[in-house]
Each structure stands twice: as structure tokens, then as C-alpha cells.
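K.L.:
Just the structure for this:
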Amino acid sequence: MAHKGEGGLRLLEKDYSKYRRYGKPVIEVNDVTQKDLMRLQKIAFLLFYLRPKQIFYNVFKRAGLKAGFINALAFVKSMLSKND
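P.N.:
Predicted coordinates:
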């Protein structure tokens with residue numbers, strides 16, 4: 001559908017090597033631009049990963065305190081990057 005421009009989808013990149021789960025989107029949806037999609041993705045990550053239950057699990061149960069701290073710093077750094 002995006003390739004044909006149907007359903008409000010607009011394909012911006014035909015090179016499949018640029019397709020990623022996270023980062024710069026390869027499509028635009030209706031009036032939502034790439035920049036808007038990236039901003040919404042960051043908001044969703046923050047809302048999910050900054051829940052107290054998720055923080056407790058990631059820091060104390062899953063990774064341990066040291067690894068949890070390192071992961072938290074990497075997460076903050078990724079949220080602050082512009083992802084050109």
C-alpha cells in the first residue's frame with residue numbers, strides 16, 4: 001500500500017537496507033511526518049520504560065544494579081539523540 005501511495009501511506013525509502021525497527025521512519029502516514037513519528041516513538045518508549053514496575057524489573061531483577069545503571073544511561077542518551 002505504501003509503495004502505491006494508498007491508504008494515506010507515503011513510502012520515502014525504497015532501499016531495504018535502510019529499514020529499521022527503530023530510528024528514522026521510511027514512510028509517512030497521512031499528515032504525520034518522519035519527525036513526528038520519531039517524536040511519538042520516543043514518547044512511547046518513555047511512557048513504557050519509565051513506569052516504576054518496569055524500572056524495578058530492569059534494574060534489580062533482570063540486569064543487576066551496575067548493568068541497570070549502564071543501560072539506563074544508554075537509554076537516556078538514545079532518547080536525547082537526534083537520530084539523523
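K.L.:
which regions of this protein sit below the pLDDT cut-off?
P.N.:
Across the chain, residues meeting the criterion (pLDDT under 70) sit at 82-84.
K.L.:
how about the helices of the chain, start to end?
P.N.:
Taking DSSP state H, the helices of the chain run over residues 34-49, 52-56, 65-80.
K.L.:
I'd like to check what contacts the shortest one. Which residues are they?
P.N.:
Around helix 52-56, the neighbours that count as contacts under CB atoms under 8 Å, 6 or more residues apart in numbering are 48-49. Backbone N, C-alpha and C define where each C-beta goes, glycine included.
K.L.:
Pull out the buried positions in that helix.
P.N.:
Along helix 52-56, no position meets the burial threshold by neighbour count (16 or more other CB atoms under 10 Å).
K.L.:
before we move on, what about stretch 60-73?
P.N.:
Burial within stretch 60-73, assessed by neighbour count using 16+ other CB under 10 Å, is assigned to 68, 71-72.
K.L.:
What is the nearest of those to Lys24?
P.N.:
Closest approach between these and Lys24, by CB to CB: Asn71, at 22.9 Å.
K.L.:
So the closest one sits against Asn58, correct?
P.N.:
Yes - between Asn71 and Asn58 there is a contact at 6.7 Å, judged by CB atoms under 8 Å.
K.L.:
Give me the domain ranges for the protein.
P.N.:
Residue ranges for the domains of the chain, per automatic domain parsing: 1-37, 50-84.
K.L.:
before we move on, back to that, now distance to Arg21 too, for the helices of the chain, in JSON lines please.
P.N.:
Compiled in JSON lines, the helices of the chain are given as follows (distance: least, CB to CB, whole Å):
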{"stretch": "helix 34-49", "distance to Arg21": "10"}
{"stretch": "helix 52-56", "distance to Arg21": "19"}
{"stretch": "helix 65-80", "distance to Arg21": "13"}
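K.L.:
Compare the ones you listed and report which one is nearest to Glu13.
P.N.:
helix 34-49 (9.8 Å).
K.L.:
May I see the buried residues of the closest one?
P.N.:
37-38, 42.
K.L.:
related to what we said a few turns ago, closest to Gly7 out of the helices of the chain?
P.N.:
Judged by CB to CB, the one of the helices of the chain that comes nearest to Gly7 is helix 34-49, at 15.8 Å.
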